[in-house]
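J.: no letters, just coordinates:
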């Protein structure tokens with residue numbers, strides 16, 4: 001399953017402005033968006049810069065992988081295969 005991973009700069013700015021710690025990393029699959037503080041990619045991946053064709057969320061830089069991915073949010077680990 002293809003996964004696209006990107007950092008949401010708006011969440012980072014809001015965290016700084018509000019003193020919060022919302023997870024700024026998003027892992028997108030065909031059926032879900034998972035937010036995280038940390039992501040581990042267990043296999044090959046590629047980093048893409050596409051200013052002319054951003055993702056639907058507006059991201060212009062992201063990582064794509066079909067490898068298993070582990071996301072960590074608030075100390076909890078979840079695996080996305």
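T.: Done, it's in. All values derive from a computational prediction rather than experimental measurement. Numbers count the residues shown, from 1 in each chain.
J.: okay, the spatially most central residue of the chain: pLDDT?
T.: Most central residue of the chain, judged by C-alpha distance to the mean C-alpha position with CA atoms, centre = their mean, is residue 26 at 2.8 Å. Residue-level confidence at residue 26 comes out at 97, pLDDT.
J.: mind listing the strands for this protein?
T.: Secondary structure of the chain (DSSP state E): strands located at 3-7, 25-28, 33-36, 38-41, 46-49, 61-65, 69-73, 76-80.
J.: just send those back as a markdown table, with distance to residue 18 too.
T.: All C-beta atoms are positioned from the backbone trio N, CA, C, and that covers glycine. Putting these into a markdown table (distance: least, CB to CB, whole Å) gives the following:
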| stretch | distance to residue 18 |
| --- | --- |
| strand 3-7 | 18 |
| strand 25-28 | 18 |
| strand 33-36 | 16 |
| strand 38-41 | 21 |
| strand 46-49 | 29 |
| strand 61-65 | 24 |
| strand 69-73 | 18 |
| strand 76-80 | 22 |
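J.: residue 17 is nearest to which of these?
T.: With distances scored as CB to CB, the stretch of those nearest to residue 17 is strand 3-7 (16.6 Å).
J.: for the closest one, packing partners?
T.: Taking 3 or more CB pairs under 8 Å, 6 or more residues apart in numbering; DSSP states H and E as contact, the helices and strands that strand 3-7 lies on are strand 25-28, strand 61-65.
J.: surely residue 55 and residue 5 touch.
T.: No - counting by CB atoms under 8 Å, no contact exists between residue 55 and residue 5, whose distance comes to 10.7 Å.
J.: great, nothing more from me.
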